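> task: produce atomic coordinates for the following.
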Amino acid sequence: MAQKVVTTYVDDLTGEESSEISTHSILIDGAGVEIDLTGENYEELLELLNPYLHADGARRIRGGAKAKGRSKAPTGGKDDSSAIRAWAKANGFEVSDRGRVPASVREAYEKAR
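Residues are numbered from 1 along each chain as shown. Below you'll find the model as predicted:
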């Protein structure tokens, strides 16, 4: 007997189905949630949070418990490659739609954040 398993990724905000959905963890005052978003919706979220995340007194934290389940889209990677690709294209970098994002583009993205 053959069996085919189909996984459908859905944006939690819009209900849109896409293979470009990534899971993001958000922690505020010790309470956390995971939300699945398209690259576009994640970029919107980052834009909304940008003034707070980059306030003069803001400090970056590391660590914490690992989230259960998948942490990124099926393409994998340490971070959200779709968000980096979207940023790179909007800022004049040439990046492919698939595969590894060049280190120089990742560095430019991190510096811009």
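> so for the protein, the centremost residue is which one?
Taking C-alpha atoms, centre = their mean, the centroid of the chain lies closest to residue 80, which sits 3.6 Å from it.
> so what's the closest residue to that one other than its chain neighbours bridging to?
Leaving aside its sequence neighbours, residue 80 sits nearest to residue 22 (C-beta to C-beta, 6 or more residues apart in numbering; 5.1 Å). All C-beta atoms are positioned from the backbone trio N, CA, C, and that covers glycine. Here residue 22 sits in beta bridges with residue 37, going by DSSP bridges.
> counting neighbours, what do you get for residue 22?
By other C-beta atoms under 10 Å, 26 other residues sit near residue 22.
> and the one 10 residues further on, by the same measure?
Residue 32 sits with 12 neighbouring residues when counted by other C-beta under 10 Å.
> neighbouring contacts of the helix or strand harbouring it?
Residue 32 is part of strand 31-37 when elements are defined by DSSP states H and E. Residues from elsewhere that reach strand 31-37 (C-beta atoms under 8 Å, 6 or more residues apart in numbering): 9-13, 21-26, 45, 67, 69.
> so which bits of the next helix or strand after that strand are buried?
Note on strand 31-37: by DSSP H and E, the next helix or strand toward the C-terminus is helix 39-53. Residues of helix 39-53 classed as buried: 39, 40, 41, 42, 43, 45 (neighbour count, 16 or more other C-beta atoms under 10 Å).
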